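Q: Here is my input; please provide its structure:
(one chain, ligands or ions: 2)
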Amino acid sequence: PGSTRWCFADQLGPHFLDDAAPDARDGGDVVLVEATSVFRRRAFHRRKAHLVLSALRHRAAELGDRARHVRADTYVEGLAEAGVSPERPVSVCDPTTWAARRLVRRLAAGDVGPGAGSVRVLAPRGFASGHGDFAAWVADRGERRLLQDDWYRRSRRRLGVLVEADGEPVGGRWSFDEDNREPPPRGATTLVASDAPATEALREPWWPQEDDVDAEVRDDLDRMARDDGVTFLGDDGPRRFAVTHDEARRALRHFLAHRLDAFGPYEDAMLAGDRWMAHSLLSAPLNLGLLDPVRVARDAVGRLRHGARLASVEGFVRQVVGWRDYVWHLYWQQGEDYRRRNALQARRALPEWFADLDAGGQVRAACLSDVLGSVREEGWAHHIPRLMVLGNWALQHRYDPRAVTDWFHRAFVDGYDWVMVPNVVGMSLHGDGGVMATKPYASGGAYIDRMSDYCGRCPYDPKVRVGETACPFTAGYWAFVDANRERLAGNPRTSRAVAGLDRLKDRDALLEQERRRGGDAP
Ligand code: FAD
Ligand code: SF4
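A: Residues are numbered from 1 along each chain as shown. Ligands and ions are numbered 1, 2, ... in the order given. Model (predicted):
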């Protein structure tokens with residue numbers, strides 16, 4: 001008794017079994033429940049459904065006889081089918097969402113499921129810090145804002161990552177963010193073809209080879225769509241992301257050896273011909289629990305010995321152990337209501353053309369059309385298209401943060417509740433009124449023009465505010481300022497925008513134009 005571990009589908013790496021108390025380390029059974037009813041309730045991206053099922057089934061295959069892999073409508077039914085009972089209990093690491101946490105608590109208490117004592121809940125895993133670390137930091141901050149930067153420094157010191165023996169940062173600075181905001185190299189159409197100043201030539205990302213498990217998943221998804229009335233979003237296509245620990249390690253090694261160096265400078269840049277740029281593509285495997293983020297960060301630091309540039313290593317470490325953990329903790333610290341925060345009172349439903357990923361090809365704006373296309377085709381876009389194209393558009397057009405969160409969650413291969421709520425409601429749509437970001441991430445076409453090659457291929461002009469060629473992002477920005485003028489005027493970081501709007505000679509024509517355009521596909 002007690003030697004069986006139950007792993008959720010985002011707890012699939014070896015570190016979820018690797019206990020000091022050898023509950024399930026060697027030899028113990030592992031319960032894996034494939035609860036597919038979720039696909040009947042909401043339309044997920046086909047690629048996301050594929051990844052999750054493929055990862056779970058690959059794990060079951062790896063574990064062989066140790067896996068008690070069951071398919072069921074719900075977790076409660078699945079546990080019963082796997083033979084879990086007070087006499088044959090399981091332990092489970094605390095899961096990643098409020099709903100799943102409630103469920104395991106109720107199972108542990110015996111309020112649902114096989115009875116009290118059949119499920120024991122352990123501390124969460126898969127992150128670089130524990131709830132206690134974050135709570136201690138929040139207590140130390142007192143009334144001060146919960147700044148990511150400050151949390152990140154503390155984490156670096158605690159983990160001993162990129163810190164000297166005296167506790168000071170390697171290279172004399174905690175952040176190289178200012179070096180990491182380069183536009184794409186001039187004239188480049190893809191980062192691969194550019195003369196990126198890397199120690200080794202930048203290569204395409206590592207791509208996995210599909211196998212029989214993937215083929216079976218694809219057949220099952222076809223059958224669900226045909227026979228069970230399940231609807232999926234987006235296109236199917238070759239699997240792009242790692243689904244096993246070994247694959248994830250291979251993807252990481254390839255990224256560190258060939259692409260990390262260009263990650264830093266071009267982190268924020270976008271190119272129509274290269275949606276991957278120098279990004280790691282590790283969010284999906286990290287969120288499936290296949291990699292331990294601390295080890296990922298240490299491996300990145302190890303590249304300094306091979307001549308990797310410090311600004312790139314630091315930039316990557318900040319994402320993996322800084323931002324990722326910060327977002328995870330805010331999800332819990334801000335409470336279950338975080339998802340309902342709507343400081344800007346945005347209430348518009350997502351229009352069909354946006355929700356369906358511009359499947360009908362209605363969008364002419366080059367940036368938005370390309371990014372929606374990337375989500376349709378891959379279920380993925382990197383951070384800046386998410387924040388400064390999709391999020392920016394949703395913010396300017398007052399889309400309801402809850403609906404946007406739900407859409408991102410379903411449409412992105414790496415979307416999980418814990419990571420979507422803070423990133424979408426907080427960072428992107430300012431629904432939390434400024435917990436994550438001091439000011440809303442609204443911006444006009446000038447930013448997109450500087451950081452990408454989109455505008456040259458667009459029927460609109462980022463400098464034009466009114467008329468046929470008016471850039472919808474530039475005009476939309478000013479309409480956003482007008483719609484939120486009181487709040488923005490009261491914030492020293494944004495008050496100049498309101499004054500700027502009131503100085504525009506064509507202000508009234510611009511606002512009238514935006515009222516007429518409404519939420520039409522741009
Ligand atoms: P890289 O650019 O190579 O970064 C390395 C890793 O850092 C990522 O794999 C990820 O694990 C971590 N990371 C970086 N930024 C964040 C962040 N803000 N929050 C959490 N982790 C971060 N990330 C998700 O993992 N899942 C999501 O559903 C998700 N939704 C987002 C929605 C919006 C509106 C925005 C603005 C950001 C979102 N992010 C999300 C964060 C970030 O955009 C993705 O992690 C990143 O683009 C994934 O690509 P990558 O693995 O190549 O990341
Ligand atoms: Fe996007 Fe405006 Fe540039 Fe067109 S002109 S690509 S709409 S920012």
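
Q: Can you tell me how far the closest residue to Ala135 other than its chain neighbours is from ligand 2?
A: Nearest non-adjacent residue to Ala135, counting by CB to CB, 6 or more residues apart in numbering: Gln333, 7.9 Å away. To be clear about C-beta, it is placed using only N, CA and C from the backbone, and glycine gets the same treatment. Separation of Gln333 from ligand 2 (CB to the nearest ligand atom, to the nearest Å) stands at 35 Å.

Q: quick one: low-confidence parts of the stretch 51-200 of the chain?
A: In the predicted model, the stretch 51-200 of the chain carries pLDDT under 70 at residues 193-200.

Q: quick one: the helices in the stretch 301-450 of the chain?
A: Ranges of helices in the stretch 301-450 of the chain, per DSSP state H, counting those that start in this stretch, are 310-317, 324-333, 352-355, 366-378, 383-384, 392-396, 401-411, 417-420, 445-451.

Q: In PDB, could you pull the C-alpha coordinates for the longest one?
A: Same thing as helix 366-378. Output of helix 366-378 as PDB, limited to C-alpha atoms (Å, rounded to 0.1, in the frame of the first residue of the first chain):
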ATOM      1  CA  ALA A 366      -0.500  41.500 -42.400                       C
ATOM      2  CA  CYS A 367       0.600  41.100 -38.800                       C
ATOM      3  CA  LEU A 368      -2.700  39.800 -37.500                       C
ATOM      4  CA  SER A 369      -3.400  37.600 -40.400                       C
ATOM      5  CA  ASP A 370       0.000  36.000 -40.100                       C
ATOM      6  CA  VAL A 371      -0.200  35.400 -36.400                       C
ATOM      7  CA  LEU A 372      -3.700  34.000 -36.500                       C
ATOM      8  CA  GLY A 373      -2.400  31.800 -39.300                       C
ATOM      9  CA  SER A 374       0.500  30.600 -37.100                       C
ATOM     10  CA  VAL A 375      -2.000  29.700 -34.400                       C
ATOM     11  CA  ARG A 376      -4.300  28.000 -36.900                       C
ATOM     12  CA  GLU A 377      -1.400  25.900 -38.400                       C
ATOM     13  CA  GLU A 378       0.700  25.200 -35.300                       C
END
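
Q: I'd like to know which residues of the stretch 251-400 of the chain are adjacent to ligand 2.
A: Within reach of ligand 2 by CB under 6 Å from any ligand atom, the stretch 251-400 of the chain has these residues: 365-367.

Q: Just checking, which helix or strand of this protein averages the lowest pLDDT?
A: Least confident helix or strand, the chain: helix 37-41 with a mean of 88, by mean pLDDT, DSSP states H and E.

Q: export the residues of the stretch 251-400 of the chain next to ligand 2 to CSV and tack on pLDDT, neighbour count and distance to Leu17?
A: Shown next, in CSV, are those (pLDDT from 0 to 100; neighbours: other CB atoms under 10 Å; distance: CB to CB, whole Å):
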residue, pLDDT, neighbour count, distance to Leu17
Ala365, 97, 24, 48
Ala366, 98, 19, 47
Cys367, 98, 32, 44
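
Q: I'd say the residue nearest to Ala135 and Val138 touch.
A: Yes - between Gln333 and Val138 there is a contact at 6.5 Å, judged by CB atoms under 8 Å.

Q: shared neighbours, these two?
A: With contacts defined as CB atoms under 8 Å, 6 or more residues apart in numbering, the residues shared by Gln333 and Val138 are Leu146.

Q: now the strands for this structure?
A: Secondary structure of the chain (DSSP state E): strands located at 4-7, 30-35, 67-72, 90-93, 119-122.

Q: looking at those, which is buried most?
A: strand 4-7 (a mean of 24; mean count of other CB atoms under 10 Å).

Q: Just the C-alpha atoms of it, please, in PDB.
A: Extracted in PDB, the C-alpha atoms of strand 4-7 (Å, rounded to 0.1, in the frame of the first residue of the first chain):
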ATOM      1  CA  THR A   4       1.400   3.800  -6.300                       C
ATOM      2  CA  ARG A   5       1.600   7.300  -7.800                       C
ATOM      3  CA  TRP A   6      -1.100   8.900  -9.800                       C
ATOM      4  CA  CYS A   7       0.200  11.300 -12.400                       C
END
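
Q: For it, give me every contacting residue.
A: 16-17, 23-24, 28-33, 59, 68, 79, 82, 84, 88-93, 119, 289.

Q: That one pairs with which strands, parallel or anti?
A: Within its sheet, and counting by DSSP bridges, strand 4-7 is paired with strand 30-35 (parallel), strand 90-93 (parallel).

Q: Quick check: Ala359 touching Arg376?
A: Yes - under the criterion of CB under 8 Å, Ala359 is in contact with Arg376, at a separation of 6.4 Å.

Q: Show me which of those two is the more surrounded one.
A: Arg376 (18 against 15; other CB atoms under 10 Å).

Q: if I look at the nearest residue to that one once chain neighbours are set aside, how far off is ligand 2?
A: Nearest residue to Arg376, sequence neighbours excluded (CB to CB, 6+ apart): Leu357, at 3.7 Å. Distance of Leu357 to ligand 2, computed by CB to the nearest ligand atom: 17 Å.

Q: Equivalent analysis for Ala136, please.
A: Counting by CB to the nearest ligand atom - Ala136 and ligand 2 are separated by 43 Å.

Q: quick one: pLDDT of Thr469?
A: We have a pLDDT of 97 for Thr469.

Q: Which residues are in contact with the spatially closest residue to Ser3 that is not a sequence neighbour?
A: Spatial nearest neighbour of Ser3, excluding adjacent residues (CB to CB, 6+ apart): Gly28 at 4.0 Å. Contacts for Gly28 (CB under 8 Å, 6+ apart) come out as 3-5, 17, 22, 66.

Q: and what of Met270?
A: Met270 touches 184, 277, 367, 382, 384-385, 389, 448, 451-454, counting by CB under 8 Å, 6+ apart.
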